[in-house]
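A.B. asks: Sharing a model that was predicted from the sequence below.
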Amino acid sequence: MPGFRVTERSVATTTLANLQVNLQRNQDLQNQLSSGKLITKASDEPGGAVVAMQTRSDMATLNQYSRNADDGMGWLNQADTALTSASTQLNRARELVLTGMSSGTAGSAQAREAIALEVENIRGSMIDLSNTAYLNRPIFGGTAPGSLAYDHNGNYLGDSGAVNRTIGANATVRVDTDANSVFGAGSSNVFNLLQRIADNMRNNPGALQADLADVDTAQQQVQTGLSGVGSRYNQVSQMQQAADNRVLDLRSQLSDVEDIDLPKTITELSLQQTAYQAALAATARVIQPSLVDFLR
């Protein structure tokens, strides 16, 4: 069997190549330890890089859903506060109607005038509540560009559009509140009702019985709207919590793909440095300088 001749040059070339491999591995471990990442570029691990990119994309989508939910809850919080106050105002209006109907004040024009003035003040407060805004947008004004939902006469300035927020892959929730459903539409809205009550209080106390029934209807509308706001708020809150929980899961998965095992990496680096020093020492013994090397 013929033998193969091994020259000093081939030994040196092979040895230096092995040293370069050891040095590259040493550098890779140092980079991993300093960055804390197994994957810093796609070539490090193509499969893992694809998984990491997809996971980051999913996390970005879920974070956007969570931000949308935050914005939606801001709208709904404002609506809840406004409608709760409106319900309180209507309760007071009902009390005033009952007072105006009582025998103790029905015959007193001065007493009825005082009640009428308070009812008109309630009407003004209700108009202010109907113009409640979130981020300078009226929450009862639909998608209209103006800053008010109602003018000082109680006329509607908004439109029938809906402000929606996407809070999940297949979940879109309306975050504004339909003004007509809570305050009434057209001439039968709550503002005209309160003005009619004030006028009847002054001039036609006998009509207050019918006004009382209308106040009860208006109160029911506000309560129904308040219930709807609460239901939507709960839905948005639950969807936000689900998105936040999913982000935590994805972050854990991303860490499994990208992040190093710190104790393991430190141990590997220590072993690699020891191996490299041993390889350097062995190489120094194998490759001895010749007279030609000195003459160069």
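C.D. replies: Right, received. Where do you want to start? For clarity, every value in this text was computed on a predicted model and none was experimentally measured.

A.B. asks: Where does the prediction get shaky in the stretch 1-150 of the chain?
C.D. replies: Within the stretch 1-150 of the chain, the stretches with pLDDT under 70 are 1-12, 15-19, 22-24, 26-44, 103-107.

A.B. asks: what ranges do the helices span in it?
C.D. replies: Here the stretch 1-150 of the chain has its helices, by DSSP state H, counting those that start in this stretch, at 8-35, 46-101, 103-106, 109-130.

A.B. asks: Tell me which of the ones you listed sits nearest to T172.
C.D. replies: Judged by CB to CB, the one of these that comes nearest to T172 is helix 46-101, at 9.4 Å. Where C-beta positions appear, they are placed from N, C-alpha and C, glycine not excepted.

A.B. asks: got the angle for that closest one vs helix 109-130?
C.D. replies: 170 degrees (axes from the mean of the first three to the mean of the last three CA atoms, to 10 degrees).

A.B. asks: what's the spacing between helix 46-101 and its chain's center?
C.D. replies: 9 Å (CA atoms, centre = their mean, to the nearest Å).

A.B. asks: Just list what that helix packs against, helices and strands only.
C.D. replies: On a contact count with 3 or more CB pairs under 8 Å, 6 or more residues apart in numbering; DSSP states H and E, helix 46-101 meets helix 109-130, strand 133-134, strand 164-168, helix 179-183, helix 190-203, helix 208-258.

A.B. asks: show me the contacts for the closest residue to T132 other than its chain neighbours.
C.D. replies: In space, and not counting its chain neighbours, T132 is closest to A82: 4.1 Å by CB to CB, 6 or more residues apart in numbering. Residues near A82 by CB atoms under 8 Å, 6 or more residues apart in numbering: L129, S130, T132, I139, F140.

A.B. asks: now the first one: how far from S187?
C.D. replies: Pointing back at L129 there. According to CB to CB, to the nearest Å, L129 stands 20 Å off from S187.

A.B. asks: next one: the fourth one
C.D. replies: When CB to CB is applied, the distance between I139 and S187 equals 23 Å.

A.B. asks: higher neighbour count, the two?
C.D. replies: I139 (28 against 11; other CB atoms under 10 Å).

A.B. asks: OK, contacts around that one?
C.D. replies: Contacts of I139 (CB under 8 Å, 6+ apart): W75, Q78, A79, A82, T132, A133, A149, D176, T177.

A.B. asks: circling back: can I get the helices of the stretch 1-150 of the chain in CSV with distance to G206?
C.D. replies: Below are the helices of the stretch 1-150 of the chain laid out as CSV (distance: least, CB to CB, whole Å):
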stretch, distance to G206
helix 8-35, 84
helix 46-101, 9
helix 103-106, 9
helix 109-130, 12
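
A.B. asks: before we move on, back to that, what about the residue nearest to T132, distance to T177?
C.D. replies: 8 Å.

A.B. asks: For burial, what's the neighbour tally of P205?
C.D. replies: 17.

A.B. asks: ok, now S231?
C.D. replies: S231, neighbours per other CB under 10 Å, totals 11.
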